[in-house]
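1. fold the following, please.
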Amino acid sequence: MDYIVEMRKITKKFPGVIANNRVDFKLKKGSIHGLLGENGAGKTTLMNILYGLCRQTSGDIIVNGARVDINCPARAIDLNIGMVHQHFMLVRPLTVVENIILGLPSPKGPFLDIKAAAQKLLDISNKYKLKVNPHAKIFELSVGEQQRVEILSTLYRGAEILILDEPTAVLTPQETQELFNILRIMKSDGKSIIIITHKLEEIMSITDEVTVLRDGRLIGTKPTGEVDKKILTQMMVGREVLFNFSKSDTCGIDEVLKLDNVCAVNSKGVQVLRNISFCLNKGEILGIAGVDGNGQKELCDAISGNLNITSGEINLDKENLTRLSIKERIVKGIAYVPEDRQKTGLLMNSSIMKNFIIKNFDTPRFSKNGFLKFQAIRSYADKLITEFKVKTTHRNVLVKKLSGGNQQKIVLGREISSEPKVLMVNQPTRGLDIGATEYVRQKLLEQRALGVGILLVSADLEEIFQLADRIAVIYEGEILGIIPGEEATIDQVGLLMAGVRKGVGELDVPEVG
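-> The predicted model follows:
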């Protein structure tokens, strides 16, 4: 068998943790191989070893039939191995071409040859249909375009083996399909690709083989054509996982949140919300569907108080919140799980305990006369760790050391424990594995059953259709229509997401008002 990479009996030990336990992995030349498992299963650690970001405690790596010692990324690059990380490693003020040649020797000695580098970049871009302007600044690019820059960077350095870590975690469905088309072209050109993921649909769509890890151990490697979602799920988590959620009939008719002709502009003076009007009832999940960047974040920020509105009105339980501060809205009952848990949801360099109380540390429950009640805080943190099944050894562990799923549980636990009237969740399962996704969705349904009004913003249409009682579609900062969940179709919602209000078929889209 023609294997371009073999990893034999790889073990990696960290203090108190065995991340990889005698794992075997084989990559066929000219194939796309999926590395599947829950967060914390050891997928990224295994690939970090292959890329030289960390060294195995024991085991061997064979590349092109020869045993190799990969002690740093430079050695991996010498072996034509490239890696695109989940969180991009780009210098935002620099151009695309400047990022790509950063750290590389120039053929002109101390002088940069930007023109030659840009031409080489264009040649690679055209070959693999990676459309990027070499002279654009990174901060001007969309997330999908930034990912193409990362892929271009590896190809520019001669990568024949490409590792992609959670490549679709921050992409829209359209960008995901574009990426898969690019990977198929690369495969046909003889490139060998490893995709680290936990998304079963992607595994079934793009890979030739799939390897499943669980708790640092190899569960098995199978040709993708010989497995289905149910088999892969059982391999990943050791049990069956719910894909269809039963919703209790608790949706109320009592209004809890109302937006009336809300408009807003961003820091650049561009209008981002246009006459947004809708009502959210107690015990209801209102799904906000749309392609990323159409005003979803700004809508949540306007309700939470992070963005001032220019006109319109926001009411909670018929009380006008429009001029209230963020803190006052929290006290009134607004809870918010933001889309980027690491940048805006958590203090990454602080402990789990501190993150649980960051929004209410100054309340009588946790402080008196300006002094914190540490016993109450410790008990509270331990209670939430248990209740929300956060995998950790201690409440004082830094949040940055936890997996994405456990980080999301902390944000969700903090917001739910405030007993809100309205819970806003923006991309609540983005980047999470199957087990964590199932857990988060069940928690949302529990809150719905308790009468909480939930605003669910998600780029995952499957998630919207599974959970939402009504679906509102947002396009360029405007709600184009609100459809009862049981009447909505993928085609209908998809057309509205593309800005097509008319011609959505026989079904009528209710006017917003």
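
2. F361 in helix, strand or coil?
-> When classified by DSSP: H, G, I helix; E, B strand; the rest coil, F361 comes out as coil.

3. any idea how far it lies from V390?
-> Distance, F361 to V390, by C-beta to C-beta, to the nearest Å: 19 Å. (C-beta placed from N, C-alpha, C; glycine too.)

4. cool, and E487?
-> Shown here: E487 relative to V390, a distance of 38 Å by C-beta to C-beta.

5. more neighbours: those two, which one.
-> More crowded of E487 and V390, by other C-beta atoms under 10 Å: V390, with 23 against 12.

6. pLDDT wise, what is that one at?
-> pLDDT, V390: 88.

7. same deal with M89?
-> 81.

8. can you check G290 too?
-> G290 carries a pLDDT value of 86.

9. G477 is in contact with that one, correct?
-> No: the pair G290 / G477 is not scored as a contact, 9.8 Å apart, by C-beta atoms under 8 Å.

10. between these two, tell me which one has more neighbours.
-> Neighbour tally, G290 and G477, criterion other C-beta under 10 Å: the higher count belongs to G290, 28 against 23.

11. who touches that one in this structure?
-> 296, 459, 473-475, 497 (C-beta atoms under 8 Å, 6 or more residues apart in numbering).

12. do that again at 10 Å, thanks
-> 172, 296, 299, 457-459, 464, 472-480, 493, 496-499 (C-beta atoms under 10 Å, 6 or more residues apart in numbering).

13. how near is it to R501?
-> Distance check for G290 against R501: by C-beta to C-beta, it reads 13 Å.

14. what is in contact with the two at once?
-> Residues touching both G290 and R501 (C-beta under 10 Å, 6+ apart) are 473, 475, 478, 480.

15. wait, which of those residues is closest to S277?
-> E478 (10.1 Å; C-beta to C-beta).

16. quick one: pLDDT of that closest one?
-> E478 is given a pLDDT of 95.

17. now K247
-> pLDDT, K247: 57.

18. ok, the residue nearest to L432 when sequence neighbours are not counted to N48 distance?
-> Computed as C-beta to C-beta, 6 or more residues apart in numbering, the closest residue to L432 that is not its neighbour in sequence is G405, at 5.0 Å. Separation of G405 from N48 (C-beta to C-beta): 19 Å.

19. so which of these two has more stuff around it?
-> Between G405 and N48, counted using other C-beta under 10 Å, the more crowded position is G405 (24 against 21).

20. am I right that that one is in contact with V440?
-> Yes: counting by C-beta atoms under 10 Å, G405 sits close enough to V440 to count as a contact (8.5 Å).

21. shared neighbours, those two?
-> Contact criterion C-beta under 10 Å, 6+ apart; residues shared by G405 and V440: 429, 432.

22. now do the SS call for the nearest residue to I285 once chain neighbours are set aside.
-> In this structure, I285 finds its nearest non-sequential neighbour in I454, 4.5 Å apart by C-beta to C-beta, 6+ apart. Three-state assignment for I454 (three-state DSSP): strand.

23. with the one 3 residues further on instead?
-> For V457, the assignment made with three-state DSSP gives strand.

24. show me the contacts for it.
-> By C-beta under 10 Å, 6+ apart, the neighbours of V457 are 286-290, 292, 296-297, 299-300, 337-339, 424-428, 464, 472, 474.

25. hmm, which of those residues are the buried ones?
-> By neighbour count, with 16 or more other C-beta atoms under 10 Å, those hold 286-290, 292, 296-297, 299-300, 337-339, 424-428, 464, 472, 474 as buried.

26. inside strands: which ones of the residues you listed?
-> Here DSSP state E is the test, and the buried ones among the contacts of V457 give 286-289, 337, 424-426, 472, 474 as lying in strands.

27. next, format the residues you listed as CSV and append distance to R184.
-> Below are these laid out as CSV (distance: C-beta to C-beta, whole Å):
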residue, distance to R184
L286, 37
G287, 32
I288, 32
A289, 28
V337, 35
M424, 38
V425, 34
N426, 32
A472, 35
I474, 31
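
28. and which of those is nearest I10?
-> Of all those, V337 has the smallest distance to I10: 36.0 Å, by C-beta to C-beta.

29. quick one, what contacts the closest one?
-> So V337 contacts 300, 344-345, 408, 411-412, 414-416, 423-428, 440, 444, 456-457 (C-beta under 10 Å, 6+ apart).

30. what sits opposite it in the beta ladder?
-> In this entry, V337 is beta-bridged to V425, by DSSP bridges.

31. how much space separates it from L90?
-> Distance of V337 to L90, computed by C-beta to C-beta: 27 Å.

32. same question for P73.
-> 16 Å.

33. with neighbour numbers in mind, choose between the two.
-> Neighbour comparison, P73 and L90: the larger count goes to L90, with 19 against 15 (by other C-beta under 10 Å).

34. which one is that one nearest to, not counting chain neighbours?
-> Of all residues beyond its chain neighbours, the one nearest L90 is I138 (4.8 Å), with distances taken as C-beta to C-beta, 6+ apart.

35. could you do G345 as well?
-> V411 is the one closest to G345 (C-beta to C-beta, 6+ apart), at 4.4 Å.

36. confirm the one you found sits in a helix?
-> Yes: V411: assigned to a helix according to three-state DSSP.

37. what's the pLDDT at the residue nearest to L90?
-> pLDDT for I138: 89.
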